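Student: This is the structure alone, sequence omitted:
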């Protein structure tokens, strides 16, 4: 039996369970993921479209389809947090890794994708000092 992982948006209104049965863990550097996440890359897990059970808040979910691409941004209308979605061709359920409450045991193949579209400054992140919280 496959383990199930709980997930939610930031405000907790949208909740779900996902089977821990992922085929890939993508770190996507495409221009659209820069915009949808506000970050250098999106960390998304891919699984079969039927591997999700929505527990609450499905009526709060909004989406924007990115023209000409397989991706969309799907989010809680209360807090704006990204939540899982099925791609346009209905072949994958895309799960934002940060929406999961525990780490998956089976992430599938790890892939860095759309590397040529990465932000130039990302290549210079190596020796940066790290802190446990905000720096005083």
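Tutor: All right, it came through fine. The structure displayed is predicted, hence computed values, not measured ones. Numbering: from 1, shown residues only.
Student: Residue 34: helix or strand, and which one exactly?
Tutor: helix 31-37 (DSSP states H and E).
Student: Please name every helix or strand in contact with the helix or strand just after that helix.
Tutor: Sequence order places strand 42-47 as the next helix or strand after helix 31-37, per DSSP H and E. Counting contacts by 3 or more C-beta pairs under 8 Å, 6 or more residues apart in numbering; DSSP states H and E, strand 42-47 is packed against strand 24-28, strand 93-96. Quick note: C-beta positions are derived from backbone N, CA and C, even for glycine.
Student: which strands and helices sit next to the first one?
Tutor: Same thing as strand 24-28. strand 42-47, strand 109-113.
Student: My guess is residue 93 contacts residue 85. True?
Tutor: Yes. Contact status for residue 93 versus residue 85: in contact at 7.4 Å, counting by C-beta atoms under 8 Å.
Student: Just give the number of residues close to the residue lying closest to residue 4 once chain neighbours are set aside.
Tutor: Closest residue in space to residue 4, ignoring its immediate chain neighbours: residue 17 at 4.6 Å, by C-beta to C-beta, 6 or more residues apart in numbering. For residue 17, the count of nearby residues is 15 (other C-beta atoms under 10 Å).
Student: Give me the buried positions along stretch 118-125.
Tutor: If you call a residue buried by 16 or more other C-beta atoms under 10 Å, then stretch 118-125 has these buried ones: residue 118.
Student: So which residues make contact with it?
Tutor: Stretch 118-125 is contacted by residues 29, 34, 40-41 when judged by C-beta atoms under 8 Å, 6 or more residues apart in numbering.
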